[in-house]
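Undergrad: Pasting the sequence and the predicted coordinates here, then a few questions.
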Amino acid sequence: MVINKSDIVTSLSDELESYTTSDIDFSIKKILSLMSKSLYSGERIEIRGFGTFSLHHHNSRTARNPKTGDLIALESRSTIHFKPSSELKERVNNKN
């Protein structure tokens with residue numbers, strides 16, 4: 001099952017009847033925007049009980065195309081790394 005942002009908005013609006021769907025949607029968009037800005041600035045995001053998001057930097061290197069065998073120059077780049085908390089790992093493994 002895939003859960004997207006609109007599913008989260010719908011679920012929260014069902015639980016939090018005092019807030020409108022547009023208020024919840026705005027809040028989620030704002031949270032994701034703040035997280036994106038923090039990662040773009042190189043900051044680490046820690047959500048207790050859930051996990052941490054951080055950037056991993058990869059230097060430029062030469063790689064090989066597995067199909068053709070040709071050499072390809074890969075530029076340096078950053079990727080987002082997520083490390084789940086031990087609490088989240090336990091919940092997932094215990095299916096609670």
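TA: Here it is on my side, so go on.
Undergrad: where exactly do the helices run in this protein?
TA: In the chain, the helices defined using DSSP state H lie at 5-15, 21-40, 86-94.
Undergrad: got the angle for the longest one vs helix 5-15?
TA: What that stands for is helix 21-40. Regarding helix 21-40 and helix 5-15, their directions subtend 130 degrees when assessed with axes from the mean of the first three to the mean of the last three C-alpha atoms, to 10 degrees.
Undergrad: just the last one next, same as before
TA: Inter-element angle recorded for helix 86-94 and helix 5-15: 90 degrees (by the same axes, to 10 degrees).
Undergrad: So what touches helix 86-94?
TA: 49-51, 84 (C-beta atoms under 8 Å, 6 or more residues apart in numbering). From N, CA and C alone the C-beta is placed, and that goes for glycine too.
Undergrad: Dump those into a markdown table; add distance to Ala73 as well.
TA: Formatted as a markdown table, these follow (distance: C-beta to C-beta, whole Å):
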| residue | distance to Ala73 |
| --- | --- |
| Gly49 | 42 |
| Phe50 | 37 |
| Gly51 | 33 |
| Pro84 | 34 |
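Undergrad: In a markdown table, list the helices of the chain along with distance to Lys67 and mean neighbour count.
TA: What follows is those, written out as a markdown table (distance: least, C-beta to C-beta, whole Å; neighbours: other C-beta atoms under 10 Å):
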| stretch | distance to Lys67 | mean neighbour count |
| --- | --- | --- |
| helix 5-15 | 35 | 13 |
| helix 21-40 | 32 | 13 |
| helix 86-94 | 36 | 11 |
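Undergrad: domains of the protein?
TA: Annotated domains of the chain cover 1-42, 44-96 [automatic domain parsing].
Undergrad: related to what we said a few turns ago, what about the helices of the chain, which gets the closest to Ser78?
TA: Among the helices of the chain, the nearest to Ser78 by C-beta to C-beta is helix 21-40 (8.7 Å).
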